[in-house]
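Enquirer: Test case, fold it:
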Amino acid sequence: MALLVASIGLFGLMSYNVSRRTNEIGIRMALGAQRADVLRLVMRESMILVVVGLVIGLGVALGAGQFLAARQYLEALLFGLSPTNVAAIVFAVLLMSIVSAVAGYLPARRASRVDPMVALHYE
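Expert: The predicted structure is shown next:
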């Protein structure tokens, strides 16, 4: 459920960011930026958000896991996993990265297909 909410949030944020910057993207393309350049620009912004979120989330998750494990609250909730199970953490990080990359790619692809003339008349 958290993965779904995070990917929808990232998709919404990047879609809003692309629509807000339509004029700028159109100017870049009118000045010679290729579609791959615009795609890379938007994907870089998206993945920076993902990396920052993953770093903060991992830190909070590991800290909270250690805190709760010391008080034995997690034994009934984790069903045989330790709060610092490396395989589970790596799987969650990889899955979140892949889903976030797809959620960021869709607005990036839309941004790379902006017609410069339409973008310049946007506002």
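Enquirer: Check the offset of the lowest-mean-pLDDT helix or strand in the chain from the chain's centre.
Expert: Each helix and strand of the chain was given a mean pLDDT (mean pLDDT, DSSP states H and E); the minimum falls on helix 116-120 at a mean of 77. Centroid displacement of helix 116-120 relative to its chain, using CA atoms, centre = their mean, to the nearest Å, is 27 Å.
Enquirer: Report the contact partners of residue 102.
Expert: Applying CB atoms under 8 Å, 6 or more residues apart in numbering to residue 102 gives the contacts residue 7. Placement of C-beta: from N, CA and C, glycine included.
Enquirer: can you rerun that using 10 Å?
Expert: Going by CB atoms under 10 Å, 6 or more residues apart in numbering, residue 102 touches 7, 10, 11.
Enquirer: how about the helices of this structure, start to end?
Expert: 2-20, 22-30, 35-70, 86-112, 116-120 (DSSP state H).
Enquirer: Residue 51 against residue 104, yeah?
Expert: No: using CB atoms under 10 Å, residue 51 makes no contact with residue 104, being 11.5 Å away.
Enquirer: re the thing from before, relative to residue 19, which of the contacts of residue 102 is nearest.
Expert: residue 11 (12.4 Å; CB to CB).
Enquirer: distance of that closest one from residue 40?
Expert: Going from residue 11 to residue 40 by CB to CB, to the nearest Å gives 18 Å.
Enquirer: And residue 21, by the same measure?
Expert: Applying CB to CB, the value for residue 21 to residue 40 is 15 Å.
Enquirer: Pull up the gap between residue 85 and residue 69, please.
Expert: Distance from residue 85 to residue 69, counting by CB to CB: 11 Å.
Enquirer: before we move on, back to that, wait, which of the helices of the chain is closest to residue 80?
Expert: Closest to residue 80 of the helices of the chain is helix 86-112 (CB to CB; 10.8 Å).
Enquirer: The closest one vs helix 22-30, what angle?
Expert: Computed by axes from the mean of the first three to the mean of the last three CA atoms, to 10 degrees, the angle separating helix 86-112 from helix 22-30 equals 80 degrees.
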